[in-house]
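S.K.: Sequence first, then the predicted structure:
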Amino acid sequence: MNVSVVLFTADLRLHDHPPVRAALDSSPQVVPLFVRDRAVDAAGFAAPNRLAFLSDCLHDLD
C-alpha cells in the first residue's frame, strides 16, 4: 500500500497547496495530518470564532 501523509501546520487551504498536489500525484491514498499546538492557543488563538473556523477547515480535510 502506498500512502502519503501531508502535514498541515498553519496553512489549511487545499486548492493550491503544493504538498497536497504532490501527495495526490504520487499516492493512491493521502492522509492529512494536523497537530494542534497548545502554544498557539496560549498566544491568543483560542478565541471562539477562530476555533470554529479551525474546526470547519479541519472538517474539510476529512
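M.R.: Sure thing, it's come through.
S.K.: how near is the residue most central in space within the chain to His17?
M.R.: The centroid of the chain falls nearest to Phe8 when counting by CA atoms, centre = their mean (3.8 Å). Separation of Phe8 from His17 (CB to CB, to the nearest Å): 8 Å. Every C-beta, even on glycine, is put in place using the N, C-alpha and C of the backbone.
S.K.: circling back: okay, and the beta partners of the residue nearest to the centre of the chain?
M.R.: With DSSP bridges as the criterion, Phe8 is bridged to Phe34.
S.K.: Which residues belonging to the longest helix along the chain are considered buried?
M.R.: In the chain, with assignment by DSSP state H, the single longest helix is helix 48-61. Residues of helix 48-61 classed as buried by neighbour count (16 or more other CB atoms under 10 Å): Leu54.
S.K.: now what about it, what contacts it?
M.R.: Outside helix 48-61, the residues within contact range by CB atoms under 8 Å, 6 or more residues apart in numbering are Phe8, Leu12, Leu14, Pro32, Phe34.
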